[in-house]
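*Asks:* sequence and predicted structure below; questions after.
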Amino acid sequence: MSHGFFQSLSTDDIILTANSRLSLYLHDAYDQFQHQQHKTAWSTPQILPLQNWLQQQFYQYNFDGQILLDAFQEHCLWQQVIEESKLALNVMHPTQLAELVQEAWNLLTLWQVPLSELSPFQEQHEVNCLLTWFSHFQKKLLQKNLMTASELPEKLLAKKIHITKRIIVVGFDDFNPALKKLWAYLKNIDIQNLDTPSQVARIILEDTDSELHTMARWIKKQWQKLFSAYMN
């Protein structure tokens, strides 16, 4: 990061990074910047990975006692759902399949693709399995007052969290729709780019419906490919 970035920081700022590695790098770079200014003591802004910050906000506003599952707990619940399902009688690798279904859930949730987008393909066995397991999983979440990490942006938006400090977001090529909605609500978001070229490729679609259909078709294709491998 440039010196201008560090010079513009206030100790009240919140810096959210794409991962833990970038957080550690920014901490070290900020300390080096302060040394170069011949300072012997300073206050460091709050620098942490985005996911950690989302969890912090959840616990701060979690007035209804909801339980946030970590990745391992969520995986165990998915495996339970699959093993209890009659559709899984011929599944040889329920653990690996649970990982696949968990990934599909997180993707659909963060990109806010309605399950109705998959309904036209429900006659296909793979899609029918996916929708059935999603339904059973959602019931277990509701019954036990649980939630998954991918639901955090939507949950925080529903709780109408209030943050007055400037939030600086660093190290992201793009944001999923769930985060975009949260950023739009908070408004005090400053998105900074790293001094590295982006390797992201984008496609331009006509409207939101086209985006949802394209995402649904891509998820369906990936699901069919991996589902067939796990069933054999």
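*Replies:* Nice, I can see it.
*Asks:* what pLDDT is listed against the spatially most distant residue from the centre of the chain?
*Replies:* Farthest-out residue of the chain from its mean C-alpha position, per C-alpha atoms, centre = their mean: His38, at 39.7 Å. pLDDT for His38: 93.
*Asks:* equivalent analysis for Tyr61, please.
*Replies:* For Tyr61, the predicted pLDDT is 95.
*Asks:* count of residues packed around it?
*Replies:* 15 (other C-beta atoms under 10 Å). Yep, even glycine has a C-beta here, placed from its N, CA and C like the rest.
*Asks:* how near is it to Phe134?
*Replies:* Distance, Tyr61 to Phe134, by C-beta to C-beta, to the nearest Å: 26 Å.
*Asks:* mind listing the strands for the chain?
*Replies:* 14-17, 46-49, 67-68, 146-147, 167-170, 189-192 (DSSP state E).
*Asks:* the ones you listed: which one's closest to Asn106?
*Replies:* strand 146-147 (12.3 Å; C-beta to C-beta).
*Asks:* and the closest one, which strands flank it?
*Replies:* Here strand 146-147 has these sheet partners by DSSP bridges: strand 67-68 (parallel).
*Asks:* from the chain's centre, how far out does the partner strand sit?
*Replies:* Centroid separation for strand 67-68 versus its chain: 15 Å, with C-alpha atoms, centre = their mean, to the nearest Å.
*Asks:* give me the mean pLDDT for that strand.
*Replies:* 98.
*Asks:* now stretch 181-192
*Replies:* Rounded mean pLDDT across stretch 181-192 is 94.
*Asks:* now do the residue at minimal distance from the centre of the chain against His213, distance only.
*Replies:* With distances taken as C-alpha atoms, centre = their mean, Ser150 lies nearest the centre of the chain, 4.6 Å away. Applying C-beta to C-beta, the value for Ser150 to His213 is 21 Å.
*Asks:* tell me how far Phe137 lies from His38.
*Replies:* 56 Å.
*Asks:* flag the shaky bits of this structure, pLDDT-wise.
*Replies:* Applying pLDDT under 70 to the chain flags the ranges 1-2, 88-92, 194-206, 220, 222-232.
*Asks:* could you pull out the helices for it?
*Replies:* 3-7, 20-36, 50-60, 71-84, 94-110, 125-144, 152-158, 177-186, 208-231 (DSSP state H).
*Asks:* how far does the first one sit from the chain's center?
*Replies:* Right, the one you point to is helix 3-7. 29 Å.
*Asks:* now do the buried residues in that helix.
*Replies:* Across helix 3-7, burial judged by 16 or more other C-beta atoms under 10 Å covers 5-6.
*Asks:* what does that helix rub up against?
*Replies:* For helix 3-7, contacts defined as C-beta atoms under 8 Å, 6 or more residues apart in numbering pick out 29-30, 33, 192.
*Asks:* pick out the most distant pair among those.
*Replies:* Longest distance between any two of the contacts of helix 3-7 is 15.0 Å, between Phe33 and Gln192; criterion C-beta to C-beta.
*Asks:* OK, contacts around the closest residue to Trp53 other than its chain neighbours?
*Replies:* Take Trp53 and drop its neighbours on the chain: the residue closest to it by C-beta to C-beta, 6 or more residues apart in numbering is Leu16, 5.3 Å away. By C-beta under 8 Å, 6+ apart, Leu16 lies in contact with 48-50, 53, 167-170.
*Asks:* that's all I had, so thanks and see you.
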